[in-house]
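Enquirer: What shape does this take:
(one chain, ligands or ions: 2)
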Amino acid sequence: MVSTHPAGVQNSGRQYLPKATDTTSPNQELLPLTARINSSDRLEIGGCDVTTLVQQFGSPLYILDEDTLRSACRQYREALQKYYPGESQVLYASKAWSCLAICAIAAQEGLGVDVVSGGELYTALQAGVSPHKLYFHGNNKSLEELKLAINSGCTVVVDNWYELQTLGDNWSSVIGDSESGNDPLSIPHSPIRIMLRLTPGIECHTHEYIRTGHLDSKFGFDPNQLDEVFAFVSQHSALNCVGLHAHIGSQIFEQQPHQDLAGVMVQWLKKASSYGLQIQELNVGGGLGIRYTEADDPPSIEAWVKGVCTAMQEACAAQQIALPKLLCEPGRSLIGSACVTAYTVGSSKTIPGMRTYVAVDGGMSDNPRPITYQSVYRAVVANKMCAPVAQTVTIAGKHCESGDILIKEATLPPSEPGDILVVLATGAYNYSMASNYNRLARPAAVVVKGGEANLILRRETYQDLMRQDCLPARLSSEA
Ligand SMILES: Cc1ncc(COP(=O)(O)O)c(C=O)c1O
Ligand SMILES: N[C@@H](CCCC[NH3+])C(=O)O
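Expert: Ligands and ions are numbered 1, 2, ... in the order given. This next block holds a predicted model:
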């Protein structure tokens, strides 16, 4: 469908500019907090002209605004300090986007990091994150991953019986057998610091692929087995169970599910104490949603934290127990709104009476969320921020896949080849889920601040794409 808007009625660029206040919660904005329109009517982020950034660093380009990321980190941390009288710790869920620079910024802001693979763990360690603030998740951790986690001294969030038994019953022999000469009793960081991930059976309204807290989930121990799990842990001195964890899902706008979760977790804690377990930490996971379109209305970071803190205190008071250390591990609401992806417009195709496709130089390989979750995004044209909206077009990627559509209905000024189309709120689960489908090179990423732009991820080259290729001699044309 091609729809035409009366020229000048709506302005495509301006409508998404953020409210300029210190307390603006980044997850409630579509553009990073530093986004402005400069005197050339072009989009500026972190004091850098986006069109110029693309000329400098190439296209497509992820542009991460450091101030927005830091602001989100601080808002979580300060809200916990304000509303929770006990100890607390915010962890950055690095599955949202794991790289050295982002882990380093999170660590500088006092956050710990939640990792879910050996690769994410290695990245966080290399970025200088303190192992005491690293929590290792996963429903099928390999022995190699467990060794890396335990040797580096981070906390293992145990997800299931197989893992619990591996660590509790067999860990010494696993280490002893696989590393000859290694005395099993001299395992560093023994006993092993663990948390238990439990499934709370709490439903929330989000896409079924990103719901995790309902009973029919692959993650965590079934709550009906709490007694057996706590009994097992209490009988295994190799395990130092410091906490309990739950995560109910992602991109959640309601506050009630996390508040209910706090109550459920306090009951678990009480039960654990009847088995002699001294649980000191409760981690309520992540999940706070962000605004991808004007229709999205997530609570602010402060409101979300306040709700969880209040519920936790009420539940502890009701059960007459001391406040545990409260942890949360947001990903999307820390990084999502801090980044945009800039593409260059190329070909277009108009099907009369149906729609106009406008193609860009990336697509499902740099942002697989639309094709995976039917996620809806908004876009602006960086070099035409004040041009009136003229038409609704479909933004297509360049992949050999009909479903490679970034935005089904984008309301934009008339676009032409060479325009810089900027898709908003692409910081979470974009680069981290990017692929090389069709052998497209992954784009570069820059961090911007105060008019300066620094590369944080190099653009892949054709050589990078072939780095893992092996050509057996008998297949070589020169053989
Ligand atoms: C265990 C766990 N913690 C934290 C997160 C981060 O969630 P979000 O990015 O929605 O804050 C996820 C992802 O859903 C998760 O699975
Ligand atoms: N990848 C999902 C979120 C998964 C959360 C991880 N448990 C998304 O883009 O929305």
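
Enquirer: Can you tell me how far G427 is from M364?
Expert: According to C-beta to C-beta, to the nearest Å, G427 and M364 sit 17 Å apart. For glycine as for every other residue, the C-beta is placed from the backbone atoms N, C-alpha and C.

Enquirer: looking at the chain, which helix or strand does the model trust least?
Expert: helix 171-178 (a mean of 64; mean pLDDT, DSSP states H and E).

Enquirer: in the stretch 201-350 of the chain, which segments are predicted with low confidence?
Expert: 204-214 (pLDDT under 70).

Enquirer: Around ligand 1, pick out the residues from it.
Expert: Neighbours of ligand 1 within the stretch 201-350 of the chain, by C-beta under 6 Å from any ligand atom: 210, 212, 247, 250, 285-288, 329-333.

Enquirer: Tell me the helix or strand right after the least confident helix or strand of the chain.
Expert: Once helix 171-178 ends, the next helix or strand along the chain (criterion: DSSP states H and E) is strand 192-197.

Enquirer: what residues does that following strand touch?
Expert: By C-beta atoms under 8 Å, 6 or more residues apart in numbering, the list of residues contacting strand 192-197 from outside reads 135, 137, 150, 153-159, 164, 167, 171, 219-221, 229, 233, 238-247, 281, 283.

Enquirer: name the helices or strands packed onto the helix or strand following it?
Expert: Heading C-terminal from strand 192-197, the first helix or strand you meet, by DSSP H and E, is helix 226-234. Counting by 3 or more C-beta pairs under 8 Å, 6 or more residues apart in numbering; DSSP states H and E, the packing neighbours recorded for helix 226-234 are helix 161-168, strand 192-197, helix 256-273.

Enquirer: Kindly compare burial across these and name the winner.
Expert: Among those, the stretch with the highest mean neighbour count (mean count of other C-beta atoms under 10 Å) is strand 192-197, at a mean of 23.

Enquirer: Determine if any part of it is in contact with ligand 1.
Expert: No: Strand 192-197 stays clear of ligand 1 (C-beta under 6 Å from any ligand atom), getting no nearer than 7.4 Å.

Enquirer: Next, the residue of the stretch 351-479 of the chain found nearest ligand 2: secondary structure please.
Expert: Per C-beta to the nearest ligand atom, Y429 is where the stretch 351-479 of the chain lies closest to ligand 2, at 3.1 Å. Secondary structure for Y429, judged by DSSP: H, G, I helix; E, B strand; the rest coil, is coil.

Enquirer: didn't it look like it was pressed against D366?
Expert: No: in this structure, Y429 is not within contact of D366 by C-beta atoms under 8 Å, at 11.5 Å.

Enquirer: between these two, which one's more packed in?
Expert: A count of neighbours by other C-beta atoms under 10 Å puts D366 above the other of Y429 and D366, at 27 against 24.

Enquirer: Can you check the pLDDT for that one?
Expert: pLDDT recorded at D366 is 98.

Enquirer: who touches it in this structure?
Expert: Going by C-beta under 8 Å, 6+ apart, D366 touches P60, Y62, T341, N430, Y431, A434, L440, R442, P443.

Enquirer: tell me the SS of T394?
Expert: Judged by three-state DSSP, the three-state class of T394 is strand.

Enquirer: what's the answer for Y62, then?
Expert: Of the three states, Y62 takes strand under three-state DSSP.

Enquirer: Not counting its neighbours along the chain, what's nearest it?
Expert: Nearest residue to Y62 in three dimensions, chain neighbours excluded: A445, at 3.8 Å (C-beta to C-beta, 6 or more residues apart in numbering).

Enquirer: One more: S88?
Expert: Spatially, and ignoring its direct neighbours in sequence, S88 is nearest to L80 (4.0 Å; C-beta to C-beta, 6+ apart).

Enquirer: Can you point out the buried residues in the strand or helix carrying that neighbour?
Expert: Element membership of L80, judged by DSSP H and E, is helix 66-83. Residues 66-73, 75-77, 79-80, 83 are the ones in helix 66-83 that count as buried (16 or more other C-beta atoms under 10 Å).

Enquirer: following it, which helix or strand shows up next?
Expert: Sequence order places strand 88-93 as the next helix or strand after helix 66-83, per DSSP H and E.

Enquirer: in the helix or strand following that following strand, what's buried?
Expert: Going down the chain from strand 88-93, the next helix or strand is helix 100-108, by DSSP H and E. Within helix 100-108, the residues scored as buried using 16+ other C-beta under 10 Å are A101, I102, C103, A104, I105, A106, A107.

Enquirer: Mind giving me the packing neighbours of helix 100-108?
Expert: For helix 100-108, the elements it packs on are helix 66-83, strand 88-93, strand 112-115, helix 118-126, strand 452-457, judged by 3+ C-beta pairs under 8 Å, 6+ apart.

Enquirer: For the helix or strand following the fourth one, enumerate the helices and strands it packs against.
Expert: Just to be clear, that refers to helix 118-126. Later in the chain than helix 118-126, the nearest helix or strand by DSSP H and E is strand 134-136. Secondary-structure packing of strand 134-136 (3+ C-beta pairs under 8 Å, 6+ apart): strand 112-115, helix 118-126, helix 143-152, strand 155-158.

Enquirer: Can you name the residues in contact with the second one?
Expert: Contacts to helix 118-126, defined as C-beta under 8 Å, 6+ apart, come from residues 94-95, 98-100, 103, 113, 115, 131, 134, 136, 142, 144-145, 148-149, 152, 154.
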